[in-house]
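Novice: Would you be able to build a 3D model of this:
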Amino acid sequence: MTTKIRTFGIVILLFSGQLAFGQSNQEIAKEKVMEAIELMDNGELSKSIVLLKEAIKLDPKNIVYSYELALAHTYNKDYNESIKVLKGLLKHKNVYDQVYQLIGVNYSYLEQPEKAIEFFDKGLEKFPNSGILHLERGNMDLFAEKYETAIKYYENGIKVAPNFPSNYYWASKIYCNTTEEVWGILYGEIFMNLERNSQRTAEISKLLFDTYLSEIKFTSDTTMSVSFCQQMFMDINSFSNSKETKLPFCMVYEPTLLMSIVSEKEINITSLDRIRTTFIENYFKMGHNKTHPNVLFEYNKKILESGHLETYNHWILMKGDEDAFGIWYEANENKWNAFVEWFTENPILIDQDNFFHKDQY
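Specialist: Numbers count the residues shown, from 1 in each chain. This is a model prediction of the structure:
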């Protein structure tokens, strides 16, 4: 009995050893890659490349390891070597959009924009729902100062990948420098919710504040104006083609905003908090949420009902006037802490079925 048990035990150990040996290459490769990524992040690119090559030998079918090797070459400014590695992955069964993206980026660094565009376009053909490929393709037109085509790529990126922040970022920057600032305001605020704590978040915060400041005017003690959009025309054919005619969003947004500033005398972070709060109250009171539903305004209403909209508004606009925000924060630290806790647990919910895009209107 004892012999049989020991024999059975040895068989199990041997079998386990074979399983462990069969898995060990992958496990070792994974450890090497994790170490390589840490080295890469610390700028030790040569050591990272050595480890990644070792990992690929141990687990050659893992496309991610080869991608990381290409990325290390890119960081090392060896763009042609990176492209060579990446092109070898294009027929891999698990190829993904970032492979095409990085090829295009490398060609951009090599100052070959036509080749970059070629691979961004090929990537979009294969991965039409890639937010990052729409971003890169838009960036090519942006850098060429082709703003109208750039914005189309960014906005298409928002449609197909509504949780990807960067397309909102660039769309906001472009629109806030046109006559159609309303879209820049909305895209920018959504961006800040998706990417909450970055340098870009601070940049958009200031952009939104400055846009409000420049487009809300007090022309006298009793008159004021807002100018966030000019596309207020309506298609006359819509009257005959539809029983219900939806007003252009501009004809809803600007009058509602104008109603929300009637008791104000100046624009600053405190008055903008009141304006934005009153705007949300008016938008829903007037039923605009039914004719022109908006995921951002729904979220603002949720924040209002939670009692945190004052703090949220100060967060959105804080970089526009940091001194004023600092004074407010010192007097409202408890509100801020409560908001941060709530905000962390209640992010804006955006997905393929619930997102904002100007073409909705």
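Novice: Could you verify my assumption that residue 189 touches residue 316?
Specialist: Yes. Using CB atoms under 8 Å as the test, residue 189 is close enough to residue 316 to be in contact (6.1 Å). The C-beta positions use only the backbone N, C-alpha and C, and glycine is treated the same way.
Novice: what's the overlap in contacts for those two?
Specialist: Shared contacts of residue 189 and residue 316, defined by CB atoms under 8 Å, 6 or more residues apart in numbering, comprise residue 208.
Novice: Pull up the per-residue confidence for residue 11.
Specialist: If you check residue 11, the pLDDT there is 34.
Novice: now the one 10 residues further on
Specialist: At residue 21, the predicted lDDT confidence score is 48.
Novice: looking at this protein, which helix or strand does the model trust least?
Specialist: helix 237-241 (a mean of 45; mean pLDDT, DSSP states H and E).
Novice: Who are the packing partners of the helix or strand following that one?
Specialist: Heading C-terminal from helix 237-241, the first helix or strand you meet, by DSSP states H and E, is helix 250-259. If you count contacts as 3 or more CB pairs under 8 Å, 6 or more residues apart in numbering; DSSP states H and E, helix 250-259 packs onto helix 181-194, strand 224-226, helix 269-285, helix 288-291.
Novice: Now helix 250-259: buried residues?
Specialist: Neighbour-count burial for helix 250-259, counted by 16 or more other CB atoms under 10 Å, picks out 250, 251, 252, 253, 254, 256, 257.
Novice: before we move on, the earlier item: kindly present the helices and strands packed on helix 250-259 as TSV, with separate columns for mean pLDDT and mean neighbour count.
Specialist: As requested, these are arranged in TSV below (pLDDT from 0 to 100; neighbours: other CB atoms under 10 Å):
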stretch	mean pLDDT	mean neighbour count
helix 181-194	98	24
strand 224-226	92	16
helix 269-285	98	19
helix 288-291	96	14
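Novice: any chance of the ones you listed in a markdown table, with distance to residue 146 too?
Specialist: Output for the helices and strands packed on helix 250-259, formatted as a markdown table (distance: least, CB to CB, whole Å):
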| stretch | distance to residue 146 |
| --- | --- |
| helix 181-194 | 18 |
| strand 224-226 | 30 |
| helix 269-285 | 33 |
| helix 288-291 | 34 |
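Novice: Among the ones you listed, which comes closest to residue 337?
Specialist: With CB to CB as the criterion, residue 337 lies closest to helix 269-285 of the helices and strands packed on helix 250-259, at 18.0 Å.
Novice: any idea of the angle that closest one forms with helix 181-194?
Specialist: 100 degrees (axes from the mean of the first three to the mean of the last three CA atoms, to 10 degrees).
Novice: Now find how far off-centre helix 269-285 is within its chain.
Specialist: 25 Å (CA atoms, centre = their mean, to the nearest Å).
Novice: Need the residues that contact it.
Specialist: 209, 212, 216, 256-257, 259-261, 264-265, 289, 297, 300-301, 304, 309-310, 313-314, 316-318, 320-321, 324-325, 328.
Novice: Generate a PyMOL selection restricted to the buried entries among these.
Specialist: This is how PyMOL selects the buried members of these, with burial counted by 16+ other CB under 10 Å:
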select buried, resi 209+212+216+256+257+260+261+264+297+300+301+304+309+310+313+314+316+317+318+320+321+325+328
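Novice: For residue 310, which non-adjacent residue is closest in space?
Specialist: residue 273 (5.6 Å; CB to CB, 6 or more residues apart in numbering).
Novice: no wait, residue 355
Specialist: The nearest residue in space to residue 355 (CB to CB, 6+ apart) is residue 162, at 3.6 Å.
Novice: Name the spans of the stretch 101-250 of the chain whose pLDDT lies under the cut-off.
Specialist: For the stretch 101-250 of the chain, the stretches with pLDDT under 70 are 231-245.
Novice: Strands of that one, start to end?
Specialist: Along the stretch 101-250 of the chain, counting by DSSP state E, counting those that start in this stretch, strands occupy 216-218, 224-226.
Novice: which residues sit against the last one?
Specialist: Yep, that's strand 224-226 we're talking about. So strand 224-226 is contacted by 215, 216, 217, 218, 219, 254, 257, 258, 261, 262, 264 (CB under 8 Å, 6+ apart).
Novice: Just give the strands next to that strand in its sheet, each with its orientation.
Specialist: Paired with strand 224-226 in the same sheet, following DSSP bridges, are strand 216-218 (antiparallel).
Novice: Could you tell me the end-to-end distance of stretch 90-102?
Specialist: 12 Å (CA to CA, to the nearest Å).
Novice: residues making contact with it?
Specialist: By CB under 8 Å, 6+ apart, stretch 90-102 touches 63, 67, 70-71, 74, 82, 86, 89, 119-120, 122-123, 126-127, 130, 132-133, 136.
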